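> Pasting a predicted model and its sequence here:
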Amino acid sequence: MHLLNQLKLRDKLLVMYICSVFIPIVLTNVIFYNVTTNNIKNQKTRDADMVLEQLQREVRSVIDEAAGISYLYYIDPLLNGHLDHTYTSKLEYVEAFTDMKSVFMKSEQAYSTISSTVIYTDNPTVLASGQILPLDNTALDADWYNQFKQTSASYPVLIHSGDTISLIQRLNNSGDGRYNSLIKSDLNMATFRQLFAGIGFEGSMYFVSANGMIHYTNEAGADWEAGTLRLEQMAMPEKSIAFDKPYANNNYLNGWRLYGVMDEKVILQEVRKSGTFILLLASINIVVPSLIIAAISRSIHVRLVRILRHMKKVKNQHFETIPFEESRDEIGQLTGEFNRMTMRIDNLINDVYMADIQKKDLEIRQRQAQLHALHSQINPHFLFNALETIRMRSLMKGETETARTIHSMAKIFRKSIIWKRSWVSVREELELIECFLDIQKYRFGDKLQYQLTVEDAVYEHTIPKMSFLPFVENASIHGVESSPGIGLIGLHIGYEDGRILFRLTDNGMGMPEDKLSELMQYLQEDGAMGDNVGMKNVYTRLKLCYKDAFDFTLRSEFGSGTTIELRLPVMDKGA
């Protein structure tokens, strides 16, 4: 709940729309589409499975009928006796063949299943006729015979050769086994093709032997007639549904199977076509509520933003009323109450608080006048010391150095006149310090040595005018002048903990601890200026500008020198 309170009203309406309208509609349509797709896929799969089972039964029925005829020839004693008899003359064979013509009526009754039935024998006394042929070299070299001789089964063997599927069986049921005979029944391939074509299976079907060879398929372009095409060589669809129907409990069909493959894209094609219709319905269900919610959201959002904009104007003391529109909802009532409140506040400010504001403004101006007075107080004090230095040096000797010193003094004097601003950059303050040190160098000569180190990042930050110079002045006059040896002044300006650091050190005589405490107490007191007017002036101005946001540290040891550290917050201001 706390998280919802952090959202804007427009975002809340958007979240409500997404959670209550958009996501439910999308999920409903997606689930409906997936369920419909799965149901159709499952139904198509069940139907295809039933179709393949029916085709499996019909193919088996055809082969069983052909095998049954082969068995009838196999058990026929008249035929077996005819094939095993050695005839002494052609006339004897013709008379015997005329008496057994009725034997061949068995295969003629199954013309739709078997295209031809041929008996092969190596009995040299049997003459070649329509249905009895010699087992000569032509037959022995045939592909179907080479496949058949690799088996030793007494039952019919299913052989595929060229574009024909045959059932071949040895005829060795009777006789003394002097001669080898076999019967070859070729299936009616037109009937076979008609079974595969008329079954209504939406995919490819393969009649596969135990070794994985394809012996018939309805797939266009597949070269199954060569007898070398394997099932694993066939290119299957990316998303396919496979059906494997193996034959069992059958001698001549054991290991054979009927394999079907359906392309999922094909069987779901009708569902894909309905996807456009589903998408159209979903779009209507999304667009219409979206337009309604957008209109309501805009009605609320626009008026609330207008109230917020006028409230910000009130914060900046622009008491404008909102053009009122006749609306009876809560936002309309809020608008009316806001207008009444705005007019009331405007009247109170004009009648009651204006005088107090003027009083506060007067106090601010007085504080600014006091600050300007402190600024102007330091200029004569500083100029007096600088001019005194030049005077003393001029009494001692008159050289071109005096001209340079006077130039530095003029530069300082000019800046003090030009600077009408209360705030200056560190770069400008540093230029003033360098001019002053040049003057002090003129005064003390080699007795004064100084070093300035300034970080590049602080040059453009602004500080109150002459915040550092009085401390440098104090170090040169009270530190170097009282030092018996060479006076060293070190100045560092940089960053420390996100604030501007000013560190000034000298090797002068320093101060005893009691004098140091007295000086610190004098700086922190609110009173008139006494001695050390430069330091007191700076400290007072910094306190007016920064309140308690600056740190001032003064460390001194008698006979060892003094260190002053000043830490100012980064407050870039204009004039």
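That came through, no problem.

> Which strand or helix spans residue 424?
Take DSSP states H and E as the rule and residue 424 turns out to sit in strand 423-425.

> What pairs with that strand, parallel or antiparallel?
Strand pairing for strand 423-425, determined by DSSP bridges: strand 462-464 (antiparallel).

> mind listing the helices for the stretch 151-300 of the chain?
Here the stretch 151-300 of the chain has its helices, by DSSP state H, counting those that start in this stretch, at 189-197, 264-267, 269-315.

> How about whichever helix or strand comes after the last one, which residues are buried there?
The C-terminal neighbour of helix 269-315 among helices and strands, as given by DSSP H and E, is helix 330-348. Within helix 330-348, the residues that count as buried by 16 or more other CB atoms under 10 Å are 331, 335, 338, 339, 342, 346. Using the backbone N, CA and C atoms, a C-beta is placed for each residue, glycine as well.

> try stretch 255-266
Here stretch 255-266 shows 256, 257, 258, 259, 260, 261, 262, 263, 264 as buried, counting by 16+ other CB under 10 Å.

> Just give the nearest non-adjacent residue to residue 255, would you?
residue 210 (2.8 Å; CB to CB, 6 or more residues apart in numbering).

> What residues does the one you found make contact with?
Neighbouring residues of residue 210 by CB atoms under 8 Å, 6 or more residues apart in numbering: 254, 255, 256.

> roughly how far apart are the second one and residue 333?
To tie it back to what came earlier, the one meant is residue 255. For residue 255, the distance to residue 333 (CB to CB, to the nearest Å) stands at 88 Å.

> Name the stretch from the helices of the stretch 151-300 of the chain that approaches residue 91 most closely.
Closest of the helices of the stretch 151-300 of the chain to residue 91 is helix 189-197, at 38.7 Å (criterion: CB to CB).

> what's the closest one in contact with?
55, 58-59, 62, 112-113, 115, 163-165, 205, 216, 218.

> so who does the closest residue to residue 248 other than its chain neighbours touch?
In space, residue 248 comes closest to residue 254 once its chain neighbours are excluded; the distance is 6.9 Å by CB to CB, 6+ apart. By CB under 8 Å, 6+ apart, the contact set of residue 254 is 210, 247, 248.

> which ones among those residues are found in strands?
Among the contacts of residue 254, no member is found in strands (DSSP state E).

> Would you format these as TSV with distance to residue 227 and pLDDT included?
Shown next, in TSV, are the contacts of residue 254 (distance: CB to CB, whole Å; pLDDT from 0 to 100):
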residue	distance to residue 227	pLDDT
210	14	85
247	19	89
248	24	83
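
> how about the strands in the stretch 1-150 of the chain?
Ranges of strands in the stretch 1-150 of the chain, per DSSP state E, counting those that start in this stretch, are 114-121, 132-134.

> In the sheet, which strands lie alongside the last one, parallel or antiparallel?
Strand 132-134 has these partner strands in its sheet, going by DSSP bridges: strand 114-121 (parallel).

> Next, the buried residues of the partner strand.
Judged by neighbour count using 16+ other CB under 10 Å, the buried positions of strand 114-121 are 114, 115, 117, 118, 119, 120, 121.

> Next, the angle helix 189-197 makes with it.
130 degrees (axes from the mean of the first three to the mean of the last three CA atoms, to 10 degrees).

> all helices for the stretch 401-550 of the chain, in order.
Going by DSSP H, counting those that start in this stretch, the stretch 401-550 of the chain shows helices at 426-444, 469-474, 513-524, 533-546.

> Turn these into JSON lines, including mean pLDDT and distance to residue 571.
Below are these laid out as JSON lines (pLDDT from 0 to 100; distance: least, CB to CB, whole Å):
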{"stretch": "helix 426-444", "mean pLDDT": "86", "distance to residue 571": "12"}
{"stretch": "helix 469-474", "mean pLDDT": "86", "distance to residue 571": "19"}
{"stretch": "helix 513-524", "mean pLDDT": "86", "distance to residue 571": "21"}
{"stretch": "helix 533-546", "mean pLDDT": "83", "distance to residue 571": "8"}
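
> could you dump these to JSON lines with distance to residue 50?
Shown next, in JSON lines, are the helices of the stretch 401-550 of the chain (distance: least, CB to CB, whole Å):
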{"stretch": "helix 426-444", "distance to residue 50": "94"}
{"stretch": "helix 469-474", "distance to residue 50": "105"}
{"stretch": "helix 513-524", "distance to residue 50": "105"}
{"stretch": "helix 533-546", "distance to residue 50": "94"}
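
> Single out the most deeply packed of these.
Neighbour counts (mean count of other CB atoms under 10 Å) averaged over each of the helices of the stretch 401-550 of the chain peak at helix 469-474, with a mean of 22.

> now for it, which elements pack on it?
helix 354-396, helix 426-444, strand 499-506, helix 533-546 (3 or more CB pairs under 8 Å, 6 or more residues apart in numbering; DSSP states H and E).

> Using PDB, list the CA coordinates for it.
As requested, C-alpha coordinates have been extracted for helix 469-474 and formatted as PDB (Å, rounded to 0.1, in the frame of the first residue of the first chain):
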ATOM      1  CA  LEU A 469      44.400  38.400   2.300                       C
ATOM      2  CA  PRO A 470      44.300  39.700   5.900                       C
ATOM      3  CA  PHE A 471      45.800  36.500   7.200                       C
ATOM      4  CA  VAL A 472      48.700  36.700   4.700                       C
ATOM      5  CA  GLU A 473      49.200  40.300   5.700                       C
ATOM      6  CA  ASN A 474      49.300  39.300   9.400                       C
END
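
> State the distance from residue 247 to residue 451.
The gap separating residue 247 from residue 451 is 107 Å, by CB to CB.
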